[in-house]
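> Attaching a predicted model along with its sequence, questions to come.
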Amino acid sequence: MANDLPTANEPSLEDGVSASNGTHWYAIRTRSRHEKVVAKQLDGLGVENFLPLVSSVHRWANGPREVELPLFSGYAFVRLVYSPDQRVRVLRTHGVVDFVGMQGRGTPIPDKQIDDVKILLSHKVPFKNSASLRVGQKVRVRGGSIEGVEGILVARRGKRRLVIFIEPIQRSLSIDLEGYDVEPL
């Protein structure tokens, strides 16, 4: 699985979708509980992929145990040059259902959104996985361990939160902005 952090000199288009070597990130839908299997098989095929995982403590009869679960259940991300051959190559992977987008054609996801998810996971910032909180002003965090992370500013129960919305899969990450300074974009 590709877990590289963003590079500062990576060229990108105006909409934030990668321009380097023509590759783009795409969300793929997986069979239930097949996310890790899909990521491992894509690794074997040499397809760059990203499966965001979070640690969770589960309690079983033999005691509690920490397990890594997919952040977005039923989804993984692939980075490739979208073509009929590449599409079929990914779709033939055991556990892959389809690309997320109109009529099974993948919708590119901006590099910045994938990079922001990687930053949040690497810094272990507490967040809440939300269905779709797409309201408010677009902001960027200034300073601190998550400097540069962009999202939508929302207020819930009197607290300021930053939401990173990943449109093709209609999911978002929500983090508490207490102690962080933000600026409008």
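All right, it came through fine.
> which neighbours does whatever helix or strand residue 139 lives in have in its sheet, and in what orientation?
Element membership of residue 139, judged by DSSP states H and E, is strand 138-142. Strand 138-142 has the following sheet partners, assigned by DSSP bridges: strand 150-156 (antiparallel), strand 181-184 (antiparallel).
> ok, of the ones you listed, where does mean pLDDT dip lowest?
Here the lowest mean pLDDT among the strands paired with strand 138-142 goes to strand 181-184, at a mean of 74.
> contact partners of that strand?
By CB atoms under 8 Å, 6 or more residues apart in numbering, the residues outside strand 181-184 that reach it are 137-144, 153, 160, 162. Any C-beta I mention is one placed from the backbone N, CA and C, and that applies to glycine too.
> And it, what's buried?
Of all the residues in strand 181-184, those buried under the rule 16 or more other CB atoms under 10 Å are residue 182.
> can you list the domains in the chain?
Following automatic domain parsing, one gets these domains for the chain: 20-110, 123-184.
> Reformat those domains as CSV; add distance to residue 117.
Below are the domains of the chain laid out as CSV (distance: least, CB to CB, whole Å):
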stretch, distance to residue 117
domain 20-110, 6
domain 123-184, 7
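> Can you flag the weakest of those by average pLDDT?
Note on those: domain 123-184 shows the lowest mean pLDDT, a mean of 77.
> what's the span of that domain, first residue to last?
End-to-end distance of domain 123-184 (CA to CA, to the nearest Å): 23 Å.
> Return the distance of it from the chain's centre.
The chain centre lies 13 Å from the centre of domain 123-184; the measure is CA atoms, centre = their mean, to the nearest Å.
> got it, and stretch 87-104?
Stretch 87-104 sits 17 Å away from the centroid of its parent chain (CA atoms, centre = their mean).
> Need the residues that contact it.
Where contact means CB under 8 Å, 6+ apart, the residues beyond stretch 87-104 that reach it are 26-31, 34-35, 37-38, 41-42, 45, 47, 75, 78, 80, 105-107, 168-169.
> Among the contacts of strand 181-184, which one sits closest to residue 85?
The closest of those to residue 85 turns out to be residue 138 (CB to CB; 36.3 Å).
> Distance of the closest residue to that closest one other than its chain neighbours relative to residue 68?
Among residues not flanking residue 138 along the chain, residue 185 sits closest, at 4.6 Å (CB to CB, 6 or more residues apart in numbering). Remark: distance between residue 185 and residue 68 (CB to CB, to the nearest Å) = 33 Å.
> same deal with residue 164?
Between residue 164 and residue 68 the computed distance is 20 Å (CB to CB).
> Pick out whichever of those two has more residues nearby.
Neighbour count, other CB atoms under 10 Å: between residue 164 and residue 68, residue 164 has more, with 22 against 11.
> what sits against the more buried one?
113, 116-117, 120, 149-152, 172-173.
> Also residue 38?
By CB under 8 Å, 6+ apart, the contact set of residue 38 is 28, 30, 49, 51, 76, 93-96.
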